[in-house]
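Engineer: pasting a predicted model and its sequence here:
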Amino acid sequence: MSDKAPICVDLDGTLIHSDLLLESFLLLLKRNPLYLFLVPLWLLGGKARLKSEIASRVKFNGAALPYTKPLLSWLHEQKQAGRAMWLVTASDHRLAQAVADHVGLFDGVLASDGQTNLAGGNKAAELVRRFGDKGFDYAGNHRVDLKVWAHARKAIVVNAGQGLVSAAGKLAEVAHVVPPLKGLLKSVAKALRVHQWAKNALVIVPVLAAHRLSELPVLVDGALAFLAFSLCASSVYLLNDMLDLEADRQHHTKCNRPFAAGRLSLIFGLLAAPALLIAALLISCLLPIKFLLVLAVYYAATLLYSFGLKKVVMVDVLALAGLYTIRIVAGAAAMAIPLSFWLLMFATFIFLSLAIVKRYAELFVMRQQGKLKAKGRGYQVEDISLLQSLGTASGYLSILVLALYLNSPDIAKMYAQPKIAWGLVPIMLYWISRIWMETHRGNMHDDPLVYALKDRISLLTGLAAGVVLYLAT
């Protein structure tokens, strides 16, 4: 057999670290979540029809995919050697053609057409019909591809373990192997954003403000609230990342997120997101019903944010500030602590300032890259100076609220030495000013709270505030 036999390349999991059916399904949901109710009806007509119905309703960008770079490099070498190449996939032909147009390597595309799902046996039969038995080399990644390798001249095994390499070798000569990506556990932790669970410590703020740290039952309820909120937040993070794939892949740092980079299967996200939410709800049943209601509001608000609010200028930062503040409300509900008007006002302004910091940091990087508009956002680079003004104003308003509280009759009820508590004002003025100075210089992390937890000066500032409160008590 000639060494010039065509190379037939699978798409999902092989050419790309993803699955086009799931990618297009998520695009469909992002366009209109109500399509979810039509999916079972389309599936009754078979997988090929399901893929066709979804593909006809989404706008797909072939460039916004996590391609298997080692395989692409090898294919380029083979193309230069004169090998013919075909993209052969069970994905819908419209999506497959978009990928082929972007890659620019393939002489033809064979894909599902709305009636025939070109997978497994169907794919093998079509390749044998076109190229003859043992008349082609085939690149695949899954055990279903064994049906194709049984009729292939040589096997190219991609993104698979040694078990599949051995199984393919029993059916055809293994010509090339591309090993899978490593670091699964690290990718799972990163997708769940375990490092951002620290933000959920805000649920403890009400018990700190009420000086009830010595009450063990209250602390237990606070710990349960923290765990429930963390699991719920991780569920939201998974959903948000899956809905934001294209925008994340064009972002300077978000492109490294596990789903965007193809390091984690979308199937994991689609299964884990509801599982984490259910776990959060079960834990919430151990707490007052008010906490469950607040958690439900938080989840609904995050869904609204993911599906549209984050695209609306200024509404997005107000929503982010609200999502920070609602953690404090949830903590008060979980531990049955009355909410202070002063605490809510201070939280609203300080978190609005930090939310604007987040947007400013994104626009700062865009300006350095020469871009004019944020992908998936309503902001333009020219808005950066206005955002700085709004953000610093909101930050200083939070300090004004703090000062008014320290001058109110309420302070005498909480502190034996209320005048010492005035030391909080210069400390907070310094901190918010420094945060904005770091942001202006381009040193800010995308999430300012995460930045603060890693920043030595911020931690020292927090320690100083704690000492002041201790002395005032």
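Structural biologist: That came through, no problem.

Engineer: is residue 109 in a helix, a strand, or coil?
Structural biologist: Three-state call for residue 109 (DSSP: H, G, I helix; E, B strand; the rest coil): strand.

Engineer: okay, and the beta partners of it?
Structural biologist: Beta-bridge partners recorded for residue 109 (DSSP bridges): residue 87.

Engineer: hmm, it is touching residue 96, no?
Structural biologist: Yes: between residue 109 and residue 96 there is a contact under Cβ atoms under 8 Å: 5.1 Å. Using the backbone N, CA and C atoms, a C-beta is placed for each residue, glycine as well.

Engineer: with neighbour numbers in mind, choose between the two.
Structural biologist: The neighbour comparison of residue 109 against residue 96 (other Cβ atoms under 10 Å) goes to residue 96, with 26 against 18.

Engineer: so that one is in contact with residue 87, correct?
Structural biologist: Yes: if you go by Cβ under 8 Å, residue 96 and residue 87 touch, sitting 5.9 Å apart.

Engineer: pull up the overlap in contacts between the two.
Structural biologist: Applying Cβ atoms under 8 Å, 6 or more residues apart in numbering, one finds that residue 96 and residue 87 are jointly contacted by 11, 109, 111.

Engineer: closest one of these to residue 237?
Structural biologist: residue 11 (27.4 Å; Cβ to Cβ).

Engineer: just give the nearest non-adjacent residue to that closest one, would you?
Structural biologist: Distance criterion Cβ to Cβ, 6 or more residues apart in numbering; nearest residue to residue 11, sequence neighbours excluded, is residue 89 at 3.6 Å.

Engineer: okay, that neighbour: pLDDT?
Structural biologist: pLDDT for residue 89: 96.

Engineer: backbone dihedrals for it, both of them.
Structural biologist: When read as degrees, to the nearest 10, the backbone of residue 89 gives phi -150, psi 150.

Engineer: where do the strands sit along the stretch 101-250 of the chain?
Structural biologist: Ranges of strands within the stretch 101-250 of the chain are 108-112, 137-140, 154-158, 173-178, based on DSSP state E, counting those that start in this stretch.

Engineer: list the buried ones in the first one?
Structural biologist: Applying a neighbour-count criterion of 16 or more other Cβ atoms under 10 Å, one finds 109, 110, 111, 112 buried in strand 108-112.

Engineer: what does it contact?
Structural biologist: 8, 47-48, 51-52, 86-93, 95-97, 100, 118-119, 123, 126-127, 130.

Engineer: report the contact partners of the residue nearest to residue 440 when sequence neighbours are not counted.
Structural biologist: Spatial nearest neighbour of residue 440, chain neighbours left out: residue 388 (6.8 Å); criterion: Cβ to Cβ, 6+ apart. Applying Cβ under 8 Å, 6+ apart to residue 388 gives the contacts 360, 436, 439, 440.

Engineer: mind listing the helices for the stretch 351-473 of the chain?
Structural biologist: 384-406, 410-414, 424-440, 448-454, 456-472 (DSSP state H, counting those that start in this stretch).

Engineer: give the buried residues for the third one.
Structural biologist: Neighbour-count burial for helix 424-440 flags 424, 427, 428, 431, 432, 435, 436, 438, 439, 440 (criterion: 16+ other Cβ under 10 Å).

Engineer: that helix to helix 384-406, inter-axis angle?
Structural biologist: Counting by axes from the mean of the first three to the mean of the last three Cα atoms, to 10 degrees, helix 424-440 points 170 degrees away from the direction of helix 384-406.

Engineer: show the average pLDDT along helix 424-440.
Structural biologist: 95.

Engineer: just to revisit the earlier point, got the contact list for the residue nearest to residue 11?
Structural biologist: Here residue 89 is in contact with 10, 11, 12, 20, 96, 109, 110, 111, 112, 118 (Cβ under 8 Å, 6+ apart).

Engineer: wait, isn't residue 268 in contact with residue 188?
Structural biologist: Yes: using Cβ under 8 Å, residue 268 is in contact with residue 188, at 7.5 Å.

Engineer: and stretch 400-417, how far apart are its ends?
Structural biologist: 20 Å (Cα to Cα, to the nearest Å).

Engineer: show me what counts as buried in that stretch.
Structural biologist: By neighbour count with 16+ other Cβ under 10 Å, stretch 400-417 contains the buried residues 401, 402, 405, 406, 411, 414, 415.

Engineer: equivalent analysis for stretch 155-174, please.
Structural biologist: 155, 156, 157, 158, 159, 160, 164, 167, 168, 171, 172, 174.

Engineer: measure the third one to residue 121 for me?
Structural biologist: To tie it back to what came earlier, the one meant is residue 157. Note on residue 157: its distance to residue 121, by Cβ to Cβ, to the nearest Å, is 19 Å.

Engineer: picking up where we left off before, need the overlap of contacts for residue 109 and residue 96.
Structural biologist: 87, 89.

Engineer: quick one, what contacts the residue lying closest to residue 179 once chain neighbours are set aside?
Structural biologist: Take residue 179 and drop its neighbours on the chain: the residue closest to it by Cβ to Cβ, 6+ apart is residue 159, 7.7 Å away. Counting by Cβ under 8 Å, 6+ apart, residue 159 touches 13, 14, 17, 68, 141, 178, 179, 180, 181.

Engineer: one more time with 6 Å
Structural biologist: Contacts for residue 159 were tallied using Cβ atoms under 6 Å, 6 or more residues apart in numbering; they are 13, 141, 180.

Engineer: now residue 168: how far from residue 443?
Structural biologist: 50 Å.

Engineer: related to what we said a few turns ago, list only buried entries from the contacts of strand 108-112.
Structural biologist: Looks like the contacts of strand 108-112 have 8, 48, 51-52, 86-93, 95-97, 100, 118-119, 123, 126-127 buried, using 16+ other Cβ under 10 Å.

Engineer: hmm, who's touching the lowest-mean-pLDDT helix or strand in the chain?
Structural biologist: Here the helix or strand of the chain ranked lowest by mean pLDDT, DSSP states H and E is helix 410-414, holding a mean of 79. With contact meaning Cβ under 6 Å, 6+ apart, helix 410-414 is reached by residue 418.

Engineer: what's the distance between that helix and the middle of its chain?
Structural biologist: 43 Å (Cα atoms, centre = their mean, to the nearest Å).

Engineer: CA atoms of it as PDB?
Structural biologist: In PDB, the C-alpha atoms belonging to helix 410-414 read as follows (Å, rounded to 0.1, in the frame of the first residue of the first chain):
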ATOM      1  CA  ASP A 410     -25.000  52.800  67.500                       C
ATOM      2  CA  ILE A 411     -21.200  52.600  68.000                       C
ATOM      3  CA  ALA A 412     -21.400  53.100  71.700                       C
ATOM      4  CA  LYS A 413     -23.500  49.900  72.000                       C
ATOM      5  CA  MET A 414     -20.800  47.800  70.400                       C
END
